[in-house]
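Novice: below is the sequence, then the predicted model.
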Amino acid sequence: MPGRGENQWKIVLTGVYRGPMTTHDLGRSPSGSATRTRNEGPAVPALLLRGVVKRFGSLTAVDGLDLDVPQGVVLGLLGPNGAGKSTTMRMLTAQSLADEGEIRILGHEVPAESKWVRARMGVVPQHDNLDEELTVEQNLRMFSYLYRVPRHRRREAIARAMRLAQLSDRGATQVDDLSGGMRRRLLIVRALLHRPELVLMDEPTVGLDPQVRQDLWGVISALREEGVTVLMSTHYIEEAERLSDEVALMAGGRIVERGAPADLVATYAGATVEEYQPGPEGPGAVETLVHGHGFTTRRTGTTVSVLRAEKLPDSLRDRLGAPQRRAANLEDVFVTLTGETVE
Amino acid sequence: MNLRQQAREDARPEVHARPGRFEADAVMGVIAREWILYGQSWRATTFAAVVEPTLYLLCFGFGMGALIGTLAGYSYIDFLGTGIVAVSVMFQSMMPAVINTFIKRRFLHTYEGILAAPVDVRELVTGEALWLAMRSGVYGCVPLLVAVGFGLRPGLGMLLVPFVAFLAGFAFALFGIWISAVISSVRSMDYVFSGLFTPLFLVAGTFFPLTELPDWVQTAAMANPLYHAVALIRGAVFGGMDAGSALVHVGVLLGFIVLMWFLAAFQMRRRVVD
């Protein structure tokens, strides 16, 4: 079920994309690759990373990353802090240069053609870098210049962005006077001013309270419905599960698994998880017993969670005691595959 | 193509240049951004641009002027007024280039946002410096007008001052951006202000002629772009500068601009691209 905010976003987007229009040909890029990949079918992936490595001194932040993102897909890049998500995002905008490997965005090579790519891509940064002393409208106007929105479309683009952010009545309000949620909405729509084909969101809801976060999910859902490709890094399991067509689990600078959230859960955690509170013998004894029957477990504090518990034989269940049952989720998959935890 | 795809095509930005090529559109985008910001801060900027040279002229002009009378063939207030134009240009361009650029890069993450748009580091540096140069070109005239109010005789040559101020402002802005990209902390700015700003504006012939200083200081001053800016401004205001000397001064400033542009773009790239 979509949240309250999600429906609002959809209404705004649906309204905005109607109206008179003219053709606007960009031609072809210097590499000869198509600039209208969007209209050429799914042959050219929105993002293609092959063997990408990024080192900072002795630390390897991204370690042989392979990633394909087809056009029109919302891909959640899920991983704990330090997994390499932000470095990957920076490499996609050429603010960080890969030491090894190949990056192609919308058919163009990065960093060689990164400026071309950035004209067709919107980036929502992790850090709020709005100009606080300026108004909402001025912040958007500033970026309409930077994104080179044609002069005669600038006003409309700004109005649209403000509608999208539900800030139409706040155009003259200084950013300093906006709430955290409003600021973040402004930050997101700022990246959509030029109607990008691909949107990168680096932890778009980090630090926001759950209500505001849920409100922001609406815009991502709306973008997905519009066919915009979205790569969203997050360390919120629920966010990745809820918004992504596919999730790529990232740990130690590489993708450890990827797929539709439901498929990943079904493959690695089954349908049900049973949580057992161990007796005086400790969690190790429970784990030994369960592993002996070929089941996978994960620990949450002192509790031992048994995955694929729907297949647990009754004889074993009797020996383990009374469990707490819950549906398996993406966190179970992540912890199982990486041994690490995310929020 | 359906209506929505068509709408997106229709609104796509106009990027015609080949990737990697320097684009005026991107530079203009950076300048437009600064112009919008200026709309918010022009009062404070103008206040500083007017009050500071006025106070200098009042205090030094009347205080020192009463003691000195004439200097290098000019009344001291005329000598000082033209010197302060150049100092004002330096402060109007180099100070914000060092401080604001550092803050925008380090604390406000402004450049992350700009560089996520179709703008590269060279265009960013050029846009920032050009904006400061334009501002200097305008505000550099303020002390000249103040000096006229204090008795400097107006002349047609003064119309060249905004151009000299622009040129010098561009040079100092690039210099400041380079410094801001070199320093790694706010604390380092103390070294810059005391160790660089002070000698630059003292050893440039602004408050007194260099002829009384030791030979090696006079030689070192030839490398000071402010010295050449002061010489050009005095040449424009008082006349009497031959074309050869004017070309040398302009040439030094242009050479300094080219050098600083490369250094600023190179160092800034090292800071914002890892």
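Specialist: Yep, that arrived. Numbering: from 1, shown residues only, chains lettered A, B, ... in the order given.
Novice: the residue nearest to A:Glu102 when sequence neighbours are not counted and chain B, how far apart?
Specialist: For A:Glu102, ignoring the flanking residues on the chain, the nearest one in space by CB to CB, 6 or more residues apart in numbering or on different chains is A:Arg50 at 4.4 Å. (Each C-beta comes from the backbone N, C-alpha and C, glycine too.) The gap separating A:Arg50 from chain B is 20 Å, by CB to the nearest CB, to the nearest Å.
Novice: near chain B, which residues of the stretch 101-250 of chain A?
Specialist: Contact residues (CB under 8 Å from any CB of the partner chain) of the stretch 101-250 of chain A with chain B: A:108, A:112-116, A:118-120, A:123, A:125, A:127, A:129, A:131, A:133-134, A:138, A:141-143, A:145-150, A:153, A:157, A:191, A:194-195, A:197, A:226-227.
Novice: only whichever of those are buried, select them in ChimeraX.
Specialist: Buried members of these, defined by 16 or more other CB atoms under 10 Å in any protein chain shown, are picked up in ChimeraX with:
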select /A:108,113,114,115,116,118,119,120,123,125,129,131,134,138,141,142,143,145,146,147,148,149,153,157,191,194,195,197,226
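Novice: for the stretch 101-250 of chain A, which spans come out with low pLDDT?
Specialist: Of all residues in the stretch 101-250 of chain A, none has pLDDT under 70.
Novice: pLDDT below threshold where in chain B?
Specialist: Using pLDDT under 70, chain B drops low at B:1-20.
Novice: helix or strand right after the helix or strand hosting A:Gly51?
Specialist: Using DSSP states H and E, A:Gly51 maps to strand A:47-56. Next helix or strand after strand A:47-56 toward the C-terminus (DSSP H and E): strand A:59-69.
Novice: which neighbouring elements make contact with that next one?
Specialist: Judged by 3 or more CB pairs under 8 Å, 6 or more residues apart in numbering or on different chains; DSSP states H and E, strand A:59-69 is in contact with strand A:47-56, helix A:85-92, strand A:254-259.
Novice: swap the cut-off to 10 Å and go again
Specialist: strand A:47-56, strand A:74-78, helix A:85-92, strand A:100-105, strand A:229-234, strand A:246-251, strand A:254-259 (3 or more CB pairs under 10 Å, 6 or more residues apart in numbering or on different chains; DSSP states H and E).
Novice: give the buried residues for that strand.
Specialist: Buried-residue list, strand A:59-69, by 16+ other CB under 10 Å: A:60-63, A:65, A:67, A:69.
Novice: what do you get for stretch B:101-117?
Specialist: B:101-102, B:104-106, B:108-117.
Novice: same deal with stretch A:207-215?
Specialist: A:208, A:212-215.
Novice: repeat that for stretch B:62-78.
Specialist: Buried, per 16+ other CB under 10 Å, within stretch B:62-78: B:64-65, B:68, B:71, B:74-78.
Novice: just give me the neighbour total for the closest residue to A:Thr296 other than its chain neighbours.
Specialist: Residue nearest to A:Thr296 in three dimensions, not counting chain neighbours: A:Leu307, with 4.6 Å by CB to CB, 6+ apart. Using other CB atoms under 10 Å in any protein chain shown, A:Leu307 has 25 other residues around it.
Novice: distance of A:Leu307 from B:Ala165?
Specialist: 72 Å (CB to CB, to the nearest Å).
Novice: which element follows the helix or strand harbouring A:Ile188 toward the C-terminus?
Specialist: In this assignment (DSSP H and E), A:Ile188 forms part of helix A:180-190. Counting by DSSP H and E, the element after helix A:180-190 in chain order, helix or strand, is strand A:198-202.
Novice: tell me which strands that next one pairs with, and in which orientation.
Specialist: strand A:121-124 (parallel), strand A:229-234 (parallel) (DSSP bridges).
Novice: right, and the helix or strand after the shortest one?
Specialist: Same thing as strand A:121-124. helix A:136-146.
Novice: relative to helix A:180-190, how tilted is that next one?
Specialist: 30 degrees (axes from the mean of the first three to the mean of the last three CA atoms, to 10 degrees).
Novice: tell me the contacts of the residue nearest to A:Glu102?
Specialist: A:64-68, A:100-104 (CB atoms under 10 Å, 6 or more residues apart in numbering or on different chains).
Novice: is it possible to export those residues to JSON lines including distance to B:Leu226?
Specialist: Shown next, in JSON lines, are those (distance: CB to CB, whole Å):
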{"residue": "A:Gly64", "distance to B:Leu226": "53"}
{"residue": "A:Leu65", "distance to B:Leu226": "50"}
{"residue": "A:Asp66", "distance to B:Leu226": "55"}
{"residue": "A:Leu67", "distance to B:Leu226": "52"}
{"residue": "A:Asp68", "distance to B:Leu226": "56"}
{"residue": "A:Glu100", "distance to B:Leu226": "47"}
{"residue": "A:Gly101", "distance to B:Leu226": "48"}
{"residue": "A:Glu102", "distance to B:Leu226": "49"}
{"residue": "A:Ile103", "distance to B:Leu226": "45"}
{"residue": "A:Arg104", "distance to B:Leu226": "49"}
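Novice: among those, find me the one that's closest to B:Gly235.
Specialist: Of all the contacts of A:Arg50, B:Gly235 sits closest to A:Ile103, with 53.6 Å by CB to CB.
Novice: that closest one is in contact with A:Val69, isn't it?
Specialist: No: if you go by CB atoms under 10 Å, A:Ile103 and A:Val69 don't touch, sitting 11.7 Å apart.
Novice: report the distance from stretch A:102-111 to the chain centre.
Specialist: Chain-centre distance of stretch A:102-111: 19 Å, with CA atoms, centre = their mean, to the nearest Å.
Novice: in that stretch, what's buried?
Specialist: Neighbour count says stretch A:102-111 has A:103-111 buried, by 16+ other CB under 10 Å.
Novice: same thing with stretch B:132-140?
Specialist: Neighbour-count burial for stretch B:132-140 [16+ other CB under 10 Å]: B:132-137, B:139-140.
Novice: out of those, which is nearest to chain A?
Specialist: Taking CB to the nearest CB as the measure, chain A lies nearest B:Met134 of the buried residues of stretch B:132-140, at 15.9 Å.
Novice: contacts only, for that closest one.
Specialist: B:Met134 touches B:31, B:34-35, B:38, B:93, B:162, B:165-166, B:169-170, B:173, counting by CB under 10 Å, 6+ apart.
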